[in-house]
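Visitor: only geometry, no sequence info:
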Ligand SMILES: Nc1ncnc2c1ncn2[C@@H]1O[C@H](COP(=O)(O)OP(=O)(O)O)[C@@H](O)[C@H]1O
Ligand SMILES: O=C(OP(=O)(O)O)[C@H](O)COP(=O)(O)O
């Protein structure tokens, strides 16, 4: 990475404003998945060990510029304190005199968590005044919030213009893993793209077609491709206005010598329900009143073979409606193949694929699970992430 990191900065005795992504799932006031908090620990611990005063900032949810009680970071501070094994001071605001006073009382190595930065309208507007107010709290800015790096907000982008600005370890790792995959991949390089809509994956497919050896398509979006080949797809998901685009992707793949893999069979159901009647059919035999909700067993075998022969695989988007057990087998088979592929570097691009890998208990078998869904998607589209661009060059 061509950006400075915490290693390039002497932070002893300094106040460090460290943006993290603690946008974690919560239920009844408790954190239900602390993956993102744990992912930020190396940076937090390093800064504390170096004698910095660590001022953490994060968003939680989308409170739209107002205080929303359920979106306070109090429970997050408690979980962080347990994980660090030390006290974490939590302020009720994210800037201002009370916050300044709390920071003035910090000793070297102390950790403080500011209130949800999205309680202020200036955050998402990237208001320079708010960015300056954040910058006034600290001497150095560290961005470790990869999951929010695609947002140009006051605490992810604006503040970097007013302080020395460097990346944390999580940010560095995410950018290095995804960056290497896109610029210098081990081959064969395979991308697996699933999920609901073609619309959301256009940019990724477009960009990856220039880079991969194999492109595997699954999930709801596959049916628009199946339709583009001239097959009937019954009540399966269809984006009528993307049929021509799907055709052009298949043509581009052929021109570029990219192997384009599509489902050869599907699990179809007579209703969008876990209790629906289901059967397995060839992809060109979907009955008119049924919908495809998972890839079939022959497709799972085919995709598994491709995965096992790859040196690098990036996966974004489930193969079926994995939230329902009746349609989870295809996604599970892909996750299992990735887990079994010992000589393959496996990258999970956040979002639902990461949730699926967790659900199947295979997370520890993957080489890298991104902490950012939207961010990794934009990165794979080849876009510059504003939160990274704003950091100081090496
Ligand atoms: N065949 C299908 N029909 C309808 N929905 C599907 C199908 N396959 C997958 N899905 C749904 O797609 C959703 C995930 O899509 P998306 O948000 O694009 O993925 P990601 O979060 O990984 O980018 C899941 O909720 C899943 O249930
Ligand atoms: O959870 C997040 O996005 P993600 O689910 O796409 O990874 C990030 O914290 C960004 O949140 P946002 O999409 O409200 O800006």
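Guide: Cool, the structure landed. Predicted, not measured: the structure shown is a model, and the values here were computed from it. Ligands and ions are numbered 1, 2, ... in the order given.

Visitor: do the helix or strand where residue 357 lies and ligand 1 meet?
Guide: In the assignment (DSSP states H and E), residue 357 maps to helix 351-359. Yes - using C-beta under 6 Å from any ligand atom, helix 351-359 reaches ligand 1 at 351-353. For every residue, glycine as well, the C-beta is placed using N, CA and C.

Visitor: now swap in stretch 181-197 and tell me
Guide: Yes - residues of stretch 181-197 contacting ligand 1 under C-beta under 6 Å from any ligand atom: 195-197.

Visitor: ok, back up a step: what is the helix holding residue 357 packed up against?
Guide: strand 312-316, helix 329-340, helix 373-380 (3 or more C-beta pairs under 8 Å, 6 or more residues apart in numbering; DSSP states H and E).

Visitor: distance check, the closest residue to ligand 1 within the stretch 101-250 of the chain against ligand 2.
Guide: Nearest residue of the stretch 101-250 of the chain to ligand 1 (C-beta to the nearest ligand atom) works out as residue 195 at 2.5 Å. Here the criterion is C-beta to the nearest ligand atom, to the nearest Å. By it, residue 195 lies 12 Å from ligand 2.

Visitor: isn't that residue up against residue 350?
Guide: No - taking contacts as C-beta atoms under 8 Å, residue 195 lies outside contact range of residue 350: 11.6 Å.

Visitor: mutual contacts of these two, please.
Guide: residue 316 (C-beta atoms under 8 Å, 6 or more residues apart in numbering).

Visitor: what's the neighbour count on the residue of the stretch 101-250 of the chain closest to ligand 1?
Guide: A count of nearby residues for residue 195, using other C-beta atoms under 10 Å, gives 21.

Visitor: the one 10 residues further on too?
Guide: Counted with other C-beta under 10 Å, residues neighbouring residue 205 total 22.

Visitor: after the host helix or strand of it, next one along is what?
Guide: Element membership for residue 205 (DSSP H and E) is helix 198-208. Per DSSP H and E, the first helix or strand lying C-terminal to helix 198-208 is strand 214-217.

Visitor: what comes up buried for the helix or strand following that following strand?
Guide: Using DSSP H and E, the helix or strand that follows strand 214-217 in sequence is helix 222-228. Using 16 or more other C-beta atoms under 10 Å as the test for burial, helix 222-228 gives 222-228.

Visitor: re earlier: each with direction, which strands does the following helix or strand past the helix holding residue 357 pair with?
Guide: Scanning forward in sequence from helix 351-359 by DSSP H and E, the next helix or strand is strand 368-369. If you go by DSSP bridges, strand 368-369 pairs up with strand 345-348 (parallel).
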